[in-house]
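1. I'll drop the sequence and a predicted model, then ask my questions.
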Amino acid sequence: MPPTPRSSKPKKSGSKVPSPSGEQSNRRLLIAIGVAGVVVAASVIGYAVLGGSDSASANPTPQLEAAGCTVQTVKALKAGDHSVTTPEGTSKKWNTSPPTSGPHYQSPAIWGAYTEPLLQGQVVHNLEHGGIYIQYGKSVPQATIDELKSFYDSHRSGTLLAPLPSLGSKIAIGVWTVNSPSKPDIGTAHLAKCTTFDEKAYAAFFDAYQFKGPERFPKDSLLPGS
């Protein structure tokens with residue numbers, strides 16, 4: 001057991017400690033107020049710089065639109081909905097195309113880059129875990145696909161890259177976000193459709209939204225092959 005601390009009471013003394021003068025009291029009060037002000041200011045600056053633990057990055061929409069993308073933001077559908085009962089299944093509730101939230105199959109797709117289309121009922125489950133997909137149409141040039149693959153190689157954790165022929169000449173990047181995992185049914189889904197690749201705009205989308213899904217998983221558990 002740790003030793004019992006000794007009493008911190010001051011010893012009695014025959015002399016009386018003099019009370020501070022009015023001027024001294026005022027000076028001490030002003031110093032205390034000044035110190036408190038510095039502490040508060042430092043806290044505000046720190047919060048602004050660090051943004052807090054769950055703060056979002058800057059809105060990427062202006063960058064995406066400047067790059068020629070169209071951006072759709074919708075209220076996310078309910079989390080934890082496994083009403084898509086087969087991997088090939090779909091849902092009439094989906095409110096974007098490709099889907100970005102809501103009903104999904106009980107098992108997600110394996111993270112990675114694909115040369116064949118993915119099953120969208122599984123992809124939505126990946127988004128619920130905080131991931132992002134990049135899907136491209138059948139008419140996207142091979143040179144652009146190569147750029148997407150290079151971008152994927154720098155964002156492998158929590159990312160799916162795959163063709164989706166129905167997109168035609170467009171590229172879709174989609175994500176499902178919530179402000180707090182304690183309120184998984186209050187969220188927003190984001191879908192950008194682009195005709196070209198713009199690294200800065202895509203990176204802004206990833207920085208703002210990735211790993212903020214209704215179910216939060218460690219980044220190293222969302223690596224390719226898992």
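-> Received it, and whenever you're ready, just let me know what you need. Numbers count the residues shown, from 1 in each chain.

2. Look up phi and psi at the residue positioned nearest the centre of the chain.
-> Nearest to the mean C-alpha position of the chain, by Cα atoms, centre = their mean, lies residue 212 at 3.3 Å. Backbone geometry at residue 212, expressed as degrees, to the nearest 10, gives phi -130, psi 30.

3. now do the one 10 residues further on
-> Per-residue torsions, residue 222: phi -110, psi 30 (degrees, to the nearest 10).

4. can you pull the contacts of it?
-> By Cβ atoms under 8 Å, 6 or more residues apart in numbering, the contact set of residue 222 is 111, 129-131, 157-158. In this view, the C-beta of every residue, glycine as well, is placed from N, C-alpha and C.

5. can you put the residues you listed in CSV and add distance to residue 185?
-> Formatted as CSV, the contacts of residue 222 follow (distance: Cβ to Cβ, whole Å):
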residue, distance to residue 185
111, 25
129, 16
130, 16
131, 19
157, 26
158, 21
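
6. just these now: which is nearest residue 149?
-> residue 111 (14.8 Å; Cβ to Cβ).

7. Find the residue closest to the closest one in space, skipping its chain neighbours.
-> What sits nearest to residue 111 in space, not counting adjacent residues and going by Cβ to Cβ, 6 or more residues apart in numbering, is residue 224, at 5.1 Å.

8. And stretch 115-133, end to end?
-> Its first and final residues considered, stretch 115-133 spans 14 Å by Cα to Cα, to the nearest Å.

9. in that stretch, what counts as buried?
-> Along stretch 115-133, these residues count as buried under the neighbour rule (16 or more other Cβ atoms under 10 Å): 118-133.

10. Determine which two of these are furthest apart.
-> For the buried residues of stretch 115-133, the farthest-apart pair by Cβ to Cβ is 119 and 130; their separation is 19.2 Å.

11. returning to that earlier point: include distance to residue 165, secondary structure and pLDDT when you put the contacts of residue 222 into a markdown table, please.
-> Output for the contacts of residue 222, formatted as a markdown table (distance: Cβ to Cβ, whole Å; DSSP: H, G, I helix; E, B strand; the rest coil; pLDDT from 0 to 100):
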| residue | distance to residue 165 | secondary structure | pLDDT |
| --- | --- | --- | --- |
| 111 | 22 | coil | 98 |
| 129 | 25 | coil | 97 |
| 130 | 27 | coil | 97 |
| 131 | 21 | coil | 98 |
| 157 | 27 | coil | 98 |
| 158 | 24 | coil | 98 |
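
12. List just the nearest of these to residue 105.
-> residue 129 (12.9 Å).
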